[in-house]
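Trainee: Turn this into a structure:
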Amino acid sequence: MHFHIMTLFPEMVLDGLRTSIIGRAEDKGYISIEAVNIRDYTLDRHKKVDDYTYGGGAGMLMQAQPVYDCWRALEENIAGRRAASQGGQKTRVIYVTPQGEVFSQKKALELSMEEDLIFLCGHYEGIDERVLEEIVTDYISIGDYVLTGGELPAMVMVDAISRLVPGVLNNGESAYTESHADGLLEYPQYSRPEVWHDKKVPDVLLSGHHANIEKWRLERSLERTKERRPEMYEAYVAAHPPRPSKK
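Mentor: Residues are numbered from 1 along each chain as shown. Take a look at the predicted model:
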């Protein structure tokens, strides 16, 4: 899978993503991460990419031209690489904005099915609406708050999506047993030693009885979700009604 990130701060993105599991996944060829500097596409000799907003208001706005030309160069490169297999299919462009759909594990799974994803990171007061209308396919937020730029949210999403790409995680089941993967929060987990600070690992986890262990894990997931995320618990219960008992 190929990630392409349009940004004013490519070093910030690459330094943050090319570490730990995601960095090793790129080294092994499971994913690739490209950060493209939007400033490289401005026509201004001072590398300016922003200007005042029409109608007044505080702050500066990123201009349409450098953003559009950066996207067009990326799209041409992507199309050239996959032309033989996919023709002229347009790449999904994700604009990272607090005005977008809130990112979720379900959305991460959906996006992990793509061969290429382009992330557009805004700064200042945002980006000229006209270029957004032309190139953006998805408006996505990581929460109802405002950050200084789109780089951190883009990195969060790349990390979450990458974990679902086959081969990225050593244990193929990991991504599908973690919190939110099945609509519940993850159950408590324990490692050695068996007793720490007078707290013992639950006996069922030491029993070797896999059916009982799975039952215990589901019960703990349900309890934890009900306590910490009641809205998730209610949605899960509604989607999994109890089976009628046999008489």
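
Trainee: ok, Y190 to D198 distance?
Mentor: 14 Å (C-beta to C-beta, to the nearest Å). For the C-beta atoms, the positions are set from N, CA and C on the backbone; glycine is no exception.

Trainee: Which one's more surrounded, the two?
Mentor: Neighbours were counted for Y190 and for D198 using other C-beta atoms under 10 Å; Y190 has more, 13 against 5.

Trainee: Could you point out the longest helix of the chain?
Mentor: In terms of residue count, the longest helix belonging to the chain (DSSP state H) is helix 64-86.

Trainee: moving C-terminal of that one, what's the next helix or strand?
Mentor: strand 92-102 (DSSP states H and E).

Trainee: okay, the angle between that next one and helix 64-86?
Mentor: For strand 92-102 against helix 64-86, the angle between stretch directions is 110 degrees (axes from the mean of the first three to the mean of the last three C-alpha atoms, to 10 degrees).

Trainee: So which other helices or strands are in contact with strand 92-102?
Mentor: helix 105-111, strand 116-121, strand 138-141, helix 151-162 (3 or more C-beta pairs under 8 Å, 6 or more residues apart in numbering; DSSP states H and E).

Trainee: try it again with 6 Å
Mentor: strand 116-121, strand 138-141 (3 or more C-beta pairs under 6 Å, 6 or more residues apart in numbering; DSSP states H and E).

Trainee: Would you format the ones you listed as CSV with mean neighbour count, distance to Q65 and mean pLDDT included?
Mentor: Formatted as CSV, these follow (neighbours: other C-beta atoms under 10 Å; distance: least, C-beta to C-beta, whole Å; pLDDT from 0 to 100):
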stretch, mean neighbour count, distance to Q65, mean pLDDT
strand 116-121, 25, 14, 98
strand 138-141, 19, 21, 97
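
Trainee: Buried residues of the longest helix of the chain, list them for me.
Mentor: A64, P66, V67, Y68, D69, C70, W71, L74, E75, I78, A79 (16 or more other C-beta atoms under 10 Å).

Trainee: Do I have it right that W216 meets P202?
Mentor: No: W216 lies out of contact with P202 (C-beta atoms under 6 Å); the separation is 7.0 Å.

Trainee: Of these two, which one has the most company?
Mentor: Taking other C-beta under 10 Å, W216 and P202 do not tie; W216 has more neighbours (18 against 12).

Trainee: Burial check on L43, number of neighbours?
Mentor: 10.

Trainee: How about the one 10 residues further on?
Mentor: Summarising burial for T53: neighbours were counted as other C-beta under 10 Å, giving 15.

Trainee: What backbone torsions are found at the closest residue to it other than its chain neighbours?
Mentor: Nearest residue to T53 in three dimensions, chain neighbours excluded: L61, at 4.8 Å (C-beta to C-beta, 6 or more residues apart in numbering). Main-chain dihedrals, L61, degrees, to the nearest 10: phi -120, psi 140.

Trainee: so what does the helix or strand hosting T225 touch, helix or strand wise?
Mentor: Following DSSP H and E, the helix or strand that holds T225 is helix 210-228. Counting contacts by 3+ C-beta pairs under 6 Å, 6+ apart, helix 210-228 packs against helix 203-206, helix 230-239.
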